[in-house]
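Visitor: need a structure here:
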Amino acid sequence: MEGDLSHPVMPLLMFSLQNVPWGAALVVVLLLILSGLISGSEVAFFSLTPEQIKECREGDDEVGKKVFSLLQTPQLLLATILICNNFVNVAIVMISTFIAWQVADDIGIARDGAEIFITLTFVVTALVVFIGEIVPKIYATKNSLNFARRMITFWIVSIKVCKPLALLLTSMGNTMEKALAKRNYNLEVSVNEVDQAVSLATDKVDDKASEMLKGIVHFGSKTVKQIMVSRTDMNALDKEIDFHELMDHINKNSFSRLPVYEDTIDSLVGILYIKDLLPYLDKNEHFEWKRIIRKDIYYVPESKKIDELLRDFQERRVHMAIIVDEYGGTTGLVTLEDIIEEIVGDINDEFDGDLVQDYVSQDASFNLDGKTSLVDFERLALLSPDYFDKVKGESDSLGGLILELLQEMPSTGKKIDYRDITFTIKAVDKKRIKTVHVKFNDEQHIKRLQAEFEEDEKQTS
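Guide: Residues are numbered from 1 along each chain as shown. Next up, the predicted model:
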């Protein structure tokens, strides 16, 4: 209301400039500038790049060498910066309070009144945050080395003055850190804890989103061996076939990239990209298709993590890698699609067929190929990624898991029980398990599977 002096803050606005203790006000201004320089120094020193630090270390500039010297004791430097910053900010608050009290006395309001507290808090906070934090830190971020050089003398002196207190604080911090370590006070969250958190949130997110979140959580812990197309399932080309045989092979299998070998799969000579054949489709059987093979083959070990491989694919601009064992033998291949599937779920590509065979909706049982990877089986059967960890050994496929459980090649009809699952061998040959019947014995899990398969059928129909 205009002219209403009863408002609690109005008296503070009605004083003469003569009431202000200008000496104290000047000190506050200088302290605000100093606060900004201190805050900017923290950003400047600790945002120096490795190249800038190297320049300080190896350059002829004495100031640069002093900057490098301070960075050799970062805890001491940081402790000194924090001590100075807190000292200056406390001084700003105390002197500002003195100024406010002087003004309050002159205009006749109580020193401990709400209007004094509210106004002082707002004004001092705004000044310290803007002048003492935001502005200097923005500048120091863009001019870190120059800022550090200009403040070097101040910090050399400050460290000498504050060293006893700074060393005491760093010592206390180190002692507390060691004490927490002894008690195993670990703030890191394990992969399994995150996975459990995702599982508990299934009532808030749909199953597809939940599976994607779990895929992201476990993404960094998987190796290429766990997701690769095995050597026995690789579709590769013999270098000696003619062009017509090549085209027949491509028409039957619809691959986009094919490894090419000489004599054996262990002697790869390159990768054939089917798109490279497009200009030559009208050639006769004598066409030398070998000359368009891309010679660069990207080899990776079985132990390579798939998150690292994904970065390599992006950097190299390739979509396929050949997996080799410790002796250099080919053990399989992995594609970009295989890696992406670990997050988003199955993508139907040239290496994928229908995993589930002869599905029975009544009990959610089905047949699987023995070469089905455990990763795919766990995803398909809605099992946790560590469901078989205690028994799978080095196996990566369903057939390999059963061999680990039995320690022998099973005969047709053999039943194997593990936890809530019964595996029945449907077909074997002399070398491997071909088909496995999978039946679940937990009613709740069966209902989840039935709902999942019904949802998939709706989406595909």
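Visitor: Could you check how far residue 418 is from residue 402?
Guide: Plainly put, residue 418 is 9 Å away from residue 402 if you go by Cβ to Cβ, to the nearest Å. For the C-beta atoms, the positions are set from N, CA and C on the backbone; glycine is no exception.
Visitor: can you count the residues close to residue 270?
Guide: When neighbours are counted by other Cβ atoms under 10 Å, residue 270 registers 19.
Visitor: The nearest residue to it once chain neighbours are set aside: what's it in contact with?
Guide: Leaving aside its sequence neighbours, residue 270 sits nearest to residue 293 (Cβ to Cβ, 6 or more residues apart in numbering; 3.8 Å). The contact partners of residue 293, by Cβ atoms under 8 Å, 6 or more residues apart in numbering, come to 260, 269, 270, 271, 272.
Visitor: Provide the secondary structure category for the third one.
Guide: So the one you mean is residue 270. Secondary structure, DSSP: H, G, I helix; E, B strand; the rest coil: residue 270 is strand.
Visitor: so it makes contact with residue 291?
Guide: No - with contact defined as Cβ atoms under 8 Å, residue 270 does not count as touching residue 291 (10.4 Å).
Visitor: buried stuff in stretch 134-143?
Guide: 136, 137, 139, 140 (16 or more other Cβ atoms under 10 Å).
Visitor: Among those residues, which ones are in strands?
Guide: Judged by DSSP state E, the subset of the buried residues of stretch 134-143 located in strands is empty.
Visitor: quick one: low-confidence ranges for the protein?
Guide: 1-20, 104-116, 180-220, 343-361, 456-461 (pLDDT under 70).
Visitor: tell me the domain ranges of it?
Guide: Following automatic domain parsing, one gets these domains for the chain: 10-182, 188-219, 220-344, 357-460.
Visitor: helix or strand right after the strand or helix carrying residue 424?
Guide: Assigning secondary structure by DSSP states H and E places residue 424 in strand 421-428. Later in the chain than strand 421-428, the nearest helix or strand by DSSP H and E is strand 433-440.
Visitor: For that next one, list every residue counted as buried.
Guide: Using 16+ other Cβ under 10 Å as the test for burial, strand 433-440 gives 433, 435, 436, 437, 438, 439, 440.
Visitor: quick one: the helices in the stretch 51-200 of the chain?
Guide: 62-71, 74-107, 114-129, 135-142, 144-182, 191-200 (DSSP state H, counting those that start in this stretch).
Visitor: In JSON lines: those helices, plus distance to residue 446.
Guide: Formatted as JSON lines, the helices of the stretch 51-200 of the chain follow (distance: least, Cβ to Cβ, whole Å):
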{"stretch": "helix 62-71", "distance to residue 446": "62"}
{"stretch": "helix 74-107", "distance to residue 446": "58"}
{"stretch": "helix 114-129", "distance to residue 446": "60"}
{"stretch": "helix 135-142", "distance to residue 446": "58"}
{"stretch": "helix 144-182", "distance to residue 446": "46"}
{"stretch": "helix 191-200", "distance to residue 446": "18"}
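Visitor: Would you map the helices across the stretch 201-350 of the chain?
Guide: Per DSSP H, counting those that start in this stretch, the stretch 201-350 of the chain carries helices over the ranges 207-219, 224-227, 243-253, 306-316, 336-344.
Visitor: So which elements touch the second one?
Guide: When contacts are defined as 3 or more Cβ pairs under 8 Å, 6 or more residues apart in numbering; DSSP states H and E, helix 224-227 sits against helix 306-316, strand 320-324, strand 330-335, helix 336-344, helix 374-380.
Visitor: Against which helices or strands is the first one packed?
Guide: Think helix 306-316. Secondary elements touching helix 306-316 (3+ Cβ pairs under 8 Å, 6+ apart): helix 224-227, strand 320-324, helix 336-344.
Visitor: how about 10 Å then?
Guide: Contact here means 3 or more Cβ pairs under 10 Å, 6 or more residues apart in numbering; DSSP states H and E; on that basis helix 306-316 packs against helix 207-219, helix 224-227, strand 299-301, strand 320-324, strand 330-335, helix 336-344.
Visitor: How far off centre is stretch 325-339?
Guide: When C-alpha coordinates are averaged (Cα atoms, centre = their mean, to the nearest Å), stretch 325-339 and its chain have centres 24 Å apart.
Visitor: buried stuff in that stretch?
Guide: Buried positions in stretch 325-339, judged by neighbour count with 16+ other Cβ under 10 Å: 330, 331, 332, 333, 334, 335, 336, 337, 338, 339.
Visitor: of residue 418 and residue 402, who's got more company?
Guide: Taking neighbours as other Cβ under 10 Å, residue 418 and residue 402 compare with residue 402 leading, 21 against 14.
Visitor: Assign that one to helix, strand or coil.
Guide: Assignment for residue 402 (three-state DSSP): helix.
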